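**Q** Build me a structure from this.
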Amino acid sequence: MQCREGCGACCIAPSIREGFWGMPEGKPANVRCVHLTNDFRCAIFNDPRRPAVCIRFMPEYDCCGDTREQALVMLSALEIASLPESP
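**A** Residues are numbered from 1 along each chain as shown. From the prediction side, this is the model:
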């Protein structure tokens, strides 16, 4: 699957736990990355300062669905499912 132009769901829904350039404390879930442009593109896509987790993310139908809205819902659900269990 190719990344959907103008989506940006992967730059909003998931958290990034490690700090990175522009967001030294990391990025909470459902918070827009500071590098997401107004047209939902990554401003640091080809920049070496781009987080490793972003580089490794590959769009797949099971994560991205058919629309940006579906991707936001699906990625948010994956974020919740991947949270550590409370003791």
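**Q** Look up how far Pro28 lies from the nearest residue to Ala29 once chain neighbours are set aside.
**A** Leaving aside its sequence neighbours, Ala29 sits nearest to Ser15 (C-beta to C-beta, 6 or more residues apart in numbering; 4.2 Å). Yep, even glycine has a C-beta here, placed from its N, CA and C like the rest. In this structure, Ser15 and Pro28 are 6 Å apart, going by C-beta to C-beta, to the nearest Å.
**Q** can you tell me which residue is nearest the centre of this protein?
**A** Cys10 (2.5 Å; C-alpha atoms, centre = their mean).
**Q** a helix runs through that one, doesn't it?
**A** Yes: Cys10 sits within a helix when classified using DSSP: H, G, I helix; E, B strand; the rest coil.
**Q** May I ask you to confirm that it is in contact with Arg56?
**A** No: using C-beta atoms under 8 Å, Cys10 makes no contact with Arg56, being 11.0 Å away.
**Q** Now do the same contact list for the residue nearest to the centre of the chain.
**A** 54, 57, 59, 63-64, 71, 75 (C-beta atoms under 8 Å, 6 or more residues apart in numbering).
**Q** If we use 7 Å, what do you get?
**A** 57, 75 (C-beta atoms under 7 Å, 6 or more residues apart in numbering).
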